[in-house]
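> Give me coordinates for this.
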Amino acid sequence: MKGRGETIKDYQERINKVLVYISEHLDEKLELEKLATMSNFSVFHFHRIFRAFLNEPLGTFVTRLRLDYAAKLLEFGTDPISEIAYKVGFEVPSSLNKAFKKRFAVTPVEFRETKKALIPFDFIHLNSKVMELNLKPQIKEINEKKVVYVQSIGKYADSAGKAWDQLCEFMKQEKLFTFGLETIGIGHDDPSVTDSDKLRYDACMTIKKVVQPKGNVGVKVIAGGKYAIFKYKGPYTDLEEVYNYIFKNWLPSSNFELADRPCFEKYINNPEKHKPENYKTHIYVPLK
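All right, here's what the predicted structure looks like:
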């Protein structure tokens, strides 16, 4: 018989599998029976277990992800609102309008106009540390990356460190540290859109051999493809300003369009061995 700790880890593995599937299939109809079967929970108990682990009901979680993704597409893309509605899983645009206004207190049209009207960051007036950003990114096709990861939920500044501590402990136990390993962070949500206690962050490390999920440590693939790679030197606390500059200044004048994949960060040096002003981060922005 499994002990309580092993049971919790087993449940977390099964919930993680569902979370990855949901995030990759937001444009599809997500059927309860399929999600329950995927996680090997009974349909009868799945809702209650999911809510216990995520602190919100399944339907609320899925709708929130869809609306936050819609907000991102509205702010940084040019697709018609009707197309965005279908892309994020709403059957008709009017359903998106209603749900969007309920969550953000503005319609998709108003949100897009307001966000587009924001005064872009003037790079000259940015913090001098942010000026270490390389404004001429490298455009590169990269291969997919297989990673082990731990997802944390909460304010990025608070939750990311906990995720890294757990992942590093797993890597030590499984003897997975190897030469050439890449450390990668994925912030799935925009802090200006998503409530701070719902922000999702993945601490990831690349692997070269078969690894089985264990507890809250999952295994997934970061998609390959075309990316704009920005090289930034400075404290992690300034990364939000860097992203603001990329999306509000560089992207509109670049003639590129964002692909439907998350951005990710590759951490080049060890923050425990360097001062914050010397942290090196490569920011990967997915392109079509």
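
> Just the residues contacting the longest helix along the chain, thanks.
In the chain, taking DSSP state H as the definition, the longest helix is helix 4-24. Under the criterion CB atoms under 8 Å, 6 or more residues apart in numbering, residues 2, 30, 35, 38-41, 49-50, 53-54, 61-62, 65, 151, 188, 213-216, 218, 220 lie in contact with helix 4-24. No exception for glycine: its C-beta is placed from N, CA and C like everyone else's.

> Go through the helix or strand that it is followed by and flag the buried ones.
Per DSSP states H and E, helix 4-24 leads on to helix 32-39 as the next helix or strand towards the C-terminus. By neighbour count on 16 or more other CB atoms under 10 Å, the buried set for helix 32-39 is L35, A36, S39.

> same thing with stretch 250-263?
Buried-residue list, stretch 250-263, by 16+ other CB under 10 Å: W250, L251, F256, L258, R261, P262, C263.

> any idea of the mean pLDDT for the longest helix of the chain?
Averaged across helix 4-24, the pLDDT comes to 82.

> could you give the angle of it to helix 32-39?
Relative orientation of helix 4-24 and helix 32-39, computed by axes from the mean of the first three to the mean of the last three CA atoms, to 10 degrees: 130 degrees.

> Sort out which residues of helix 4-24 are buried, please.
For helix 4-24, the neighbour count (16+ other CB under 10 Å) marks K9, Y11, Q12, E13, R14, I15, N16, K17, V18, L19, V20, I22 as buried.

> Equivalent analysis for stretch 43-50, please.
For stretch 43-50, a neighbour-count test (16+ other CB under 10 Å) marks F46, H47, I49, F50 as buried.

> Looking at those residues, spot the one nearest P137.
F50 (38.7 Å; CB to CB).

> Distance of the closest one relative to S159?
Applying CB to CB, to the nearest Å, the value for F50 to S159 is 20 Å.

> in this protein, which spans are strands?
138-142, 145-153, 183-187, 200-206, 217-222, 225-233, 264-267, 280-287 (DSSP state E).

> contacts for the last one?
What that stands for is strand 280-287. By CB under 8 Å, 6+ apart, strand 280-287 touches 137, 139, 142, 223, 225-233, 236, 239, 242-243, 246, 251, 256-269.

> re earlier: among the buried residues of helix 4-24, which one sits closest to S82?
Among the buried residues of helix 4-24, I22 lies closest to S82 (CB to CB), at 23.2 Å.

> nearest to Y69, of the buried residues of stretch 43-50?
F50 (19.4 Å).

> Could you report the pLDDT at the residue nearest to the spatial centre of the chain?
For the chain, the residue nearest the mean C-alpha position is H188 (1.7 Å; CA atoms, centre = their mean). Per-residue confidence at H188 stands at 85 (pLDDT).

> residues touching it, list them.
The neighbourhood of H188, defined by CB under 8 Å, 6+ apart, consists of S23, L199, R200, Y201, D202, P262.

> Can you list the low-confidence ranges for this protein?
1-7, 44, 115-135, 192-193, 248, 252 (pLDDT under 70).

> returning to what we had before: any chance of the buried residues of stretch 250-263 in JSON lines, plus distance to G89?
JSON lines is the format used below for these (distance: CB to CB, whole Å):
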{"residue": "W250", "distance to G89": "29"}
{"residue": "L251", "distance to G89": "25"}
{"residue": "F256", "distance to G89": "25"}
{"residue": "L258", "distance to G89": "18"}
{"residue": "R261", "distance to G89": "17"}
{"residue": "P262", "distance to G89": "17"}
{"residue": "C263", "distance to G89": "21"}
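
> List of residues touching stretch 100-114?
The contact list for stretch 100-114 (CB under 8 Å, 6+ apart) reads R64, L67, A70, A71, L74, E75, I81, I84, L96, N97, V193.

> what's the closest non-adjacent residue to the second one?
I take that to be L67. Closest residue to L67 apart from its sequence neighbours, by CB to CB, 6 or more residues apart in numbering: R103 at 5.1 Å.
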